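Engineer: sequence plus the predicted model coming up.
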Amino acid sequence: MDSPWASYQDAQKTFDSIIVHKTTLADLKKLKLDPEANPNITILNYSDVIRRFIPSPSVNARDLDAGVEECIAAKSACKGYEVDQKSIKRQRYGNFWADFLNFKRKVDVVGWRFNGIILIKNDVVIYKLTGGQPAIHELEENMQPLGPFQGIDSVR
């Protein structure tokens, strides 16, 4: 499935349009934040929310954001959506034969990764949080001096 967003900035704009204590579940569906339509959205239940926001007993629930505290107090009347959307493109470059014969492979990796959490109580958003990587750029280079013969001994 294609991403509902072309860039990190598009995903962030979608989250920016969410208004806490006003945006409804129906509004989220219009914004393409529907776990039934987008496989990159995980539904969080009450215990998932607690594990994410209170990872250890040393974290006090009263120190959390008011929306998170409200969700934890609501127990099963609250649920969450966790969005994990990414777009990564890998482009090989360099000498075709060196790559094909597995001597030297160069790959340019570019893209973005967006993470967001939405907490919903009584079909209304009570909390939102975003993060991620607006720009990913990595260069991978793999050299094997023996090329296709590099791993023959390890096959036995």
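Structural biologist: Yep, it's here.

Engineer: centre-most residue in the chain?
Structural biologist: Asp84 (2.1 Å; C-alpha atoms, centre = their mean).

Engineer: give me the pLDDT value at that one.
Structural biologist: Listed pLDDT for Asp84 reads 94.

Engineer: who touches it in this structure?
Structural biologist: Counting by C-beta atoms under 8 Å, 6 or more residues apart in numbering, Asp84 makes contact with Asn40, Ile41, Thr42, Arg113, Phe114, Asn115. Heads up, the C-betas are built off the backbone N, CA and C, glycines and all.

Engineer: what are the buried residues along whichever strand or helix holds it?
Structural biologist: If you go by DSSP states H and E, Asp84 is part of strand 78-93. Neighbour counts over strand 78-93 (16 or more other C-beta atoms under 10 Å) mark Cys78, Lys79, Gly80, Tyr81, Glu82, Val83, Gln85, Lys86, Ser87 as buried.

Engineer: what of stretch 10-20?
Structural biologist: Buried, per 16+ other C-beta under 10 Å, within stretch 10-20: Ala11, Gln12, Thr14, Phe15, Ile18.

Engineer: secondary structure of the third one: a helix, I assume?
Structural biologist: Translated: Thr14. Yes: applying DSSP: H, G, I helix; E, B strand; the rest coil, one finds Thr14 inside a helix.

Engineer: grab the nearest non-local neighbour of Val107.
Structural biologist: Glu140 (4.3 Å; C-beta to C-beta, 6 or more residues apart in numbering).
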